[in-house]
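[1] Whatever this is, show me its structure:
(one chain, ligands or ions: 1)
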Amino acid sequence: MNAQAVLELSDVTITRGQSVLLDRVSWAVHEDDRWVILGPNGAGKTTLLQVASARMHPTSGTATILGQTLGAVDVFELRPRIGLTSAALAERIPKQELVRDVVVSASYAVIGRWREEYEALDHDRAMMLLTWLGVGGLVDRTFGTLSEGERKRVQIARALMTDPELLLLDEPAAGLDLAGREGLLRTLTLVAADSTAPASVLVTHHVEEIPPGFTHVLLLRAGEVVAAGPLDQTLTDDALSEAFGLKLELTRSEDRWTARAR
Ligand SMILES: Nc1ncnc2c1ncn2[C@@H]1O[C@H](COP(=O)(O)OP(=O)(O)OP(=O)(O)O)[C@@H](O)[C@H]1O
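    Numbers count the residues shown, from 1 in each chain. The predicted structure follows:
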């Protein structure tokens, strides 16, 4: 019944100079969870994902990721077990790289010494993921020629390539037009519904970008958790208004949400 915690933060604080980026954040993600992190600009969402992806250590408090406590573990062994997409990582993908290589190279980074023997298997897996994410026809294109929406899907395929136990998506719908956003949401709905998909965390500013099938929400404001828990009980007018510092009214239509100022 109680699925194992994939990620557990206990009183995690991050400070930089005088700034408190995260303030005593306690949060647990379990195996079958699909979390949305919502909050305004500067709330600390990306910082939280940096901790969750073993790229930033707490100034105080403890972060346990896949059973390993940060500070007492080799993060280079931990990171391949975590799939991450973010604008910062996307910027580092060379524009002239073929889509197939963008995806396959995720596994080379982890298991480079197997490269020769496993190349065919790697390519099969990359193709399977790209097809599942609706961009199988783009394998021979260069990354730079793709639309923003196509790039997002390729990045998710890359993040899933190593069969991670935790998938972290930092603002995957940012910069997409309406069709791109809706297409990506359909894809993320598939991911959410797949029982073999890893525990997932998606960062966004917009309730409209919550994919159906996501189960939990964490609302952040100024580095502090405003509310966290199952989506149905936690995402309320009051909690959202507190997080964004503005009186907001939520509307739910089936599995989709919208918000506007009251
Ligand atoms: N190295 C740093 N030194 C000082 N302040 C920092 C540092 N890195 C981030 N910050 C600040 O920490 C706060 C949280 O940043 P973070 O990027 O986590 O927010 P966010 O919720 O992801 O914002 P956005 O929605 O705009 O992407 C911001 O006010 C940011 O300016």
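
[2] From here on, just use CA atoms for contacts and neighbour counts.
    Fine.

[3] From one end of stretch 71-86 to the other, what's the distance?
    Here the two ends of stretch 71-86 are set 24 Å apart, with distance taken as C-alpha to C-alpha, to the nearest Å.

[4] who in the stretch 101-250 of the chain is up against the ligand?
    The stretch 101-250 of the chain has no residues near the ligand, with proximity defined as C-alpha under 6 Å from any ligand atom.

[5] Now do the residue of the stretch 101-250 of the chain found nearest the ligand against residue 240, distance only.
    Shortest the stretch 101-250 of the chain-to-the ligand distance, computed as C-alpha to the nearest ligand atom: residue-wise this is residue 205, at 6.5 Å. For residue 205, the distance to residue 240 (C-alpha to C-alpha) stands at 11 Å.

[6] Of the two, give the one with the bigger neighbour count.
    Summary of the neighbour comparison: residue 205 and residue 240, criterion other C-alpha atoms under 10 Å, with residue 240 having more neighbours (25 against 19).

[7] would that one count as being in a strand?
    No: the secondary structure assignment for residue 240 gives helix rather than a strand, going by DSSP: H, G, I helix; E, B strand; the rest coil.

[8] ok, it touching residue 220?
    No: contact criterion C-alpha atoms under 8 Å: residue 240 and residue 220 do not qualify, at 9.4 Å.

[9] Wasn't residue 23 part of a strand?
    Yes: when the secondary structure is assigned by three-state DSSP, residue 23 falls within a strand.

[10] burial count for it?
    19.

[11] OK, contacts around it?
    For residue 23, the contacting residues are 11-14, 223-224, by C-alpha atoms under 8 Å, 6 or more residues apart in numbering.

[12] what's the answer for residue 129, then?
    Shown here is residue 129, whose contacts under the criterion C-alpha under 8 Å, 6+ apart are 136, 157, 160-161.

[13] Compare the residues you listed and tell me which has the most neighbours.
    Counting neighbours by other C-alpha under 10 Å, residue 157 leads the contacts of residue 129 with 28 neighbours.

[14] Surely it forms part of a strand?
    No: under three-state DSSP, residue 157 falls outside any strand and is assigned helix.

[15] Surely it and residue 103 touch.
    Yes: contact between residue 157 and residue 103 holds when scored by C-alpha under 8 Å: they sit 6.2 Å apart.

[16] overlap in contacts of those two?
    Taking C-alpha under 8 Å, 6+ apart as the criterion, residue 157 and residue 103 both touch residue 126.

[17] In three-state terms, label residue 173 for me.
    When the structure is reduced to helix, strand and coil (three-state DSSP), residue 173 reads as coil.

[18] I meant to write residue 63 there.
    Of the three states, residue 63 takes strand according to three-state DSSP.

[19] so what's it closest to, chain neighbours aside?
    Nearest in space to residue 63, with sequence neighbours left out and distances taken as C-alpha to C-alpha, 6 or more residues apart in numbering, is residue 9 at 4.5 Å.

[20] Using CSV, list the CA coordinates for the host helix or strand of residue 120.
    Counting by DSSP states H and E, the element that carries residue 120 is helix 115-132. As requested, the backbone C-alpha atoms of helix 115-132 are provided in CSV (Å, rounded to 0.1, in the frame of the first residue of the first chain):
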residue,chain,number,x,y,z
ARG,A,115,28.6,1.2,-26.5
GLU,A,116,29.7,-1.2,-29.1
GLU,A,117,27.7,-4.2,-28.0
TYR,A,118,24.6,-2.3,-27.1
GLU,A,119,24.4,0.2,-29.9
ALA,A,120,21.5,-1.6,-31.7
LEU,A,121,19.6,-2.0,-28.5
ASP,A,122,20.1,1.6,-27.6
HIS,A,123,18.8,2.7,-31.1
ASP,A,124,15.8,0.5,-30.8
ARG,A,125,14.9,1.9,-27.4
ALA,A,126,15.4,5.5,-28.7
MET,A,127,13.2,4.8,-31.6
MET,A,128,10.5,3.2,-29.4
LEU,A,129,10.5,6.2,-27.1
LEU,A,130,10.4,8.7,-29.9
THR,A,131,7.5,6.8,-31.5
TRP,A,132,5.7,6.7,-28.2
